[in-house]
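Peer 1: Structure for this input, please:
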Amino acid sequence: MRHGLRIAAISALFVAFVGIAAPAQAADRDSLVNQIGTFEYLTQPDFTGLAPLSDALAGATLGIGTFDGLDGELIVVGGVPYRVGMDGRPTVVDTSRSTPFAQAVNFRPDAAGPVAPGTACADLGPVIQRLAGTDDGIIAVRVRGTFTDLVARSVPSQTAPYPSLATVIAQQAVFPLAGRRAVLVGFLQASDMKGIGQPGLHLHGLTADRSAGGHVLSCVVGSDVQVSVQRTSGVIVHDER
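Peer 2: Got it, this is the predicted structure:
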């Protein structure tokens, strides 16, 4: 199919990127981002699953994404995949489930440090780039501690013909989680990876007791928050369609 061919072409391009642009890290496959679909694919819009989660999550300990038809938010923490639907409650999911978009990595931090209390999620980019020592490519991120403000969301499942992503987001359910301990995971993507993932910082999160979570809309960190980062050496895009 047309979408599958385009994503396969992107996959081939970025396998080449791994080998040419980052030779020092290319041999370490654990530093690669394994990905199903692209953010560009979602914005077409097309939310049809392209491959099972297992294609991206094998050996991965950190990840984000969604499910066929945008049926909930995917959060991978400590190698365990969770789904957060419109009720805001995380449940462990089977990796045979299909996804149109997922990103995952075997998270082994290169650097970590405290975040100044009162820092908003929207202002974490420079902190992450400084720790990672780069503002290029894709940086894997974990932020954990107590948040004085934290707002997450999920969106309702969709069927074809699909509405625009903006239309779906307008139907989101919002979950206020202020004052909770939580772990937020995701990726900071630079402009040189445009179309592969969501531009900028994309985080999904779970409360420490695993009772709530979702796609992070906003946050403000408390006095005990630490951020850990991992420079990735490239991305491989999987597509079985």
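
Peer 1: Run through the helices of the chain in chain order.
Peer 2: Assigned by DSSP state H, the chain shows helices spanning 2-21, 23-26, 39-42, 54-57, 125-132, 165-169.

Peer 1: any idea how far the residue most central in space within the chain lies from residue 104?
Peer 2: Nearest to the mean C-alpha position of the chain, by Cα atoms, centre = their mean, lies residue 64 at 3.3 Å. Distance of residue 64 to residue 104, computed by Cβ to Cβ, to the nearest Å: 8 Å. Heads up, the C-betas are built off the backbone N, CA and C, glycines and all.

Peer 1: Next, show the common contact partners of those two.
Peer 2: Residues touching both residue 64 and residue 104 (Cβ atoms under 8 Å, 6 or more residues apart in numbering): residue 76.

Peer 1: what about dumping the CA coordinates of stretch 100-119 to CSV?
Peer 2: The C-alpha trace of stretch 100-119 is given here as CSV (Å, rounded to 0.1, in the frame of the first residue of the first chain):
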residue,chain,number,x,y,z
PRO,A,100,0.3,3.0,14.0
PHE,A,101,3.0,4.8,16.0
ALA,A,102,5.4,3.8,18.8
GLN,A,103,8.9,4.7,19.8
ALA,A,104,11.0,2.7,22.2
VAL,A,105,14.6,2.3,23.3
ASN,A,106,16.7,0.2,25.8
PHE,A,107,17.1,3.1,28.2
ARG,A,108,20.7,3.4,29.5
PRO,A,109,21.2,7.0,30.6
ASP,A,110,24.3,8.9,29.6
ALA,A,111,23.7,11.7,32.1
ALA,A,112,21.3,12.7,34.9
GLY,A,113,20.7,15.7,37.1
PRO,A,114,18.2,17.6,39.2
VAL,A,115,15.6,19.9,37.8
ALA,A,116,15.0,23.3,39.5
PRO,A,117,11.8,23.4,41.4
GLY,A,118,9.1,25.3,39.5
THR,A,119,10.4,24.4,36.1
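
Peer 1: show me the contacts for the residue nearest to the centre of the chain.
Peer 2: Here residue 64 is in contact with 73-76, 102-104, 185-187, 202-204 (Cβ under 8 Å, 6+ apart).
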